[in-house]
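**Student:** Provide a 3D model corresponding to the input given below.
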Amino acid sequence: MRGVLNVSLRHSGGLPLRAVGAAVLLVALMAAPAEAHHAMGGRTPSTFLEGLLSGLAHPVIGLDHLAFIVAMGVVVGVAGLNLAFPALFIVASAIGVALHVRGMSLPAAEVLVALSVLIAGSLIALARSIQASVWAALFAVAGLVHGYAFGESIFGAEASPLAAYLVGLVIVQAAVASAVALLARRSAVSALEPRLAGAAIAGIGLAILAGQFLPT
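**Tutor:** Numbers count the residues shown, from 1 in each chain. Here you go, the predicted structure:
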C-alpha cells in the first residue's frame, strides 16, 4: 500500500537495501573524527565559496544529520512516497537555519537531533504501518531541529556566505535522500532488509544520544 511504510514491498532489480545499512555504518566509522560538524574547522564562512562548501559538507560530516537523511530515503523508497517528503524536511531545515541566525534559542538542539535519528530508525526497524501524514509531521519537525543545528556553523556570517550555505544544504540533502530512495525503490527488498537498515540508523542515534550525556 502506498503512503505507509510496509516492509513487505518489493521492487525489481538493483542492489539489496541492506547495502544502505552497511553504508551508513561504514560512513559512521569514517566520519567519527569529523563529528564536530564544521567544514571550516570551526571558523565561520566568510565568502560565497566557503559558505557553499560548508553547506555541502555539514549534512555529510555530521553523522546524526546523515543518518536521518538516509532514513528519509529508506522510508520514501520502501513506502513508495514521493520526493515531496524529503523536500518538506529540506524546507523546514532552511527555516531552522533562519531561526538560529536570527537569534532564536532552542535548548538541547543536539539532543533533539539525536532523538530524531533514534525515532526514525526505530520506526523503520519495528516495521509498523505508519501513515504518510505521520512521516510528514516527523520530517517537518526534524527538519526544524536539524536546521537549527545547521545554523550554528553559519551564525554571524554575512548574507553572501549564508545564502551559499543554504544552497549547499539543499543540494546535498536532496541528492542523498533521492539517491537512497531510488536505491531502495529499485532494489529487491525482502521484509528484513529495511528493518536492518532502520536498526543501524537507530543504533547511530542511540550512540550519539548517549554521547550527549556521557563524559568524554
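
**Student:** secondary structure of Ser129: a strand, I assume?
**Tutor:** No: looking at Ser129 with DSSP: H, G, I helix; E, B strand; the rest coil, it is coil, so not inside a strand.

**Student:** in the helix or strand where Ile95 lies, which residues are buried?
**Tutor:** In the assignment (DSSP states H and E), Ile95 maps to helix 84-101. For helix 84-101, a neighbour-count test (16 or more other Cβ atoms under 10 Å) marks 85-94, 96-97, 99-101 as buried. For every residue, glycine as well, the C-beta is placed using N, CA and C.

**Student:** what's downstream of that helix, the next helix or strand?
**Tutor:** Trace forward from helix 84-101 with DSSP H and E and the next one is helix 109-126.

**Student:** give me the mean pLDDT for the longest helix anywhere in the chain.
**Tutor:** In the chain, taking DSSP state H as the definition, the longest helix is helix 159-186. When pLDDT is averaged over helix 159-186, the result is 93.

**Student:** got the angle for the helix or strand following that helix vs helix 159-186?
**Tutor:** Counting by DSSP H and E, the next helix or strand C-terminal to helix 159-186 is helix 193-211. With axes from the mean of the first three to the mean of the last three Cα atoms, to 10 degrees applied, the angle from helix 193-211 to helix 159-186 works out at 140 degrees.

**Student:** and the angle from helix 193-211 to helix 109-126?
**Tutor:** Using the same axes, to 10 degrees, helix 193-211 lies at 150 degrees relative to helix 109-126.

**Student:** buried set for helix 193-211?
**Tutor:** For helix 193-211, using 16+ other Cβ under 10 Å, the buried residues are 193-209.

**Student:** again, but for stretch 129-142
**Tutor:** Quick answer for stretch 129-142 (16+ other Cβ under 10 Å): 130, 132, 135, 138-142.

**Student:** output those in a markdown table; the columns should cover pLDDT.
**Tutor:** Converted to a markdown table, these look like this (pLDDT from 0 to 100):
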| residue | pLDDT |
| --- | --- |
| Ile130 | 88 |
| Ala132 | 92 |
| Trp135 | 95 |
| Leu138 | 96 |
| Phe139 | 97 |
| Ala140 | 97 |
| Val141 | 97 |
| Ala142 | 97 |
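
**Student:** any chance of these in TSV with distance to Val176 and secondary structure as columns?
**Tutor:** Output for these, formatted as TSV (distance: Cβ to Cβ, whole Å; DSSP: H, G, I helix; E, B strand; the rest coil):
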residue	distance to Val176	secondary structure
Ile130	22	coil
Ala132	21	helix
Trp135	17	helix
Leu138	18	helix
Phe139	14	helix
Ala140	18	helix
Val141	20	helix
Ala142	15	helix
